[in-house]
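Undergrad: Sequence plus the predicted model coming up.
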Amino acid sequence: MDKAHAEAIASKHAALHAVIDAEEHRPHPDLDLLTRLKKEKLRLKDELVGH
């Protein structure tokens, strides 16, 4: 994986983290949305570490 691709994945991972954090702190978080976002975040992390 080249550096630009790794940086793009890391950026998406960080953005998802921010969205997840904001959703978790809402009065009534959307649990289905949180599940999908967390799975996507894990997928990006796995891609970043090369699994």
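TA: Noted; the coordinates are in hand. Numbers count the residues shown, from 1 in each chain.
Undergrad: longest helix in this protein, by residue count?
TA: Counting residues, the longest helix in the chain under DSSP state H turns out to be helix 3-24.
Undergrad: tell me which strands and helices that one is in contact with?
TA: helix 31-49 (3 or more Cβ pairs under 8 Å, 6 or more residues apart in numbering; DSSP states H and E). Yep, even glycine has a C-beta here, placed from its N, CA and C like the rest.
Undergrad: need the contact list for K38.
TA: Counting by Cβ atoms under 8 Å, 6 or more residues apart in numbering, K38 touches I20.
Undergrad: The same query, at a cut-off of 10 Å, please.
TA: By Cβ atoms under 10 Å, 6 or more residues apart in numbering, K38 lies in contact with L16, H17, I20, E23, E24.
Undergrad: which residue sits closest to the residue nearest to the spatial centre of the chain, ignoring its sequence neighbours?
TA: When Cα atoms, centre = their mean is applied to the chain, the residue found nearest the centroid is K41 (2.8 Å). Among residues not flanking K41 along the chain, L16 sits closest, at 4.4 Å (Cβ to Cβ, 6 or more residues apart in numbering).
Undergrad: tell me which residues of the longest helix of the chain are tucked away?
TA: For helix 3-24, the buried set under the neighbour-count rule, 16 or more other Cβ atoms under 10 Å, comprises I9, H13, L16, I20.
Undergrad: Quick one: neighbours of the residue nearest to the last one when sequence neighbours are not counted, just the number.
TA: Counting by Cβ to Cβ, 6+ apart, I20 lies nearest to L37, which is 5.1 Å off, once chain neighbours are set aside. Taking other Cβ atoms under 10 Å as the criterion, the count of residues near L37 is 17.
Undergrad: Would you check how far apart E47 and E40 are?
TA: Separation of E47 from E40 (Cβ to Cβ, to the nearest Å) stands at 11 Å.
Undergrad: nope, D21 is what I was after
TA: 14 Å.
Undergrad: is it true that the residue nearest to the centre of the chain touches A10?
TA: No: using Cβ atoms under 10 Å, K41 makes no contact with A10, being 11.5 Å away.
Undergrad: returning to what we had before: hey, what's in contact with both of E47 and E40?
TA: K12, H13.
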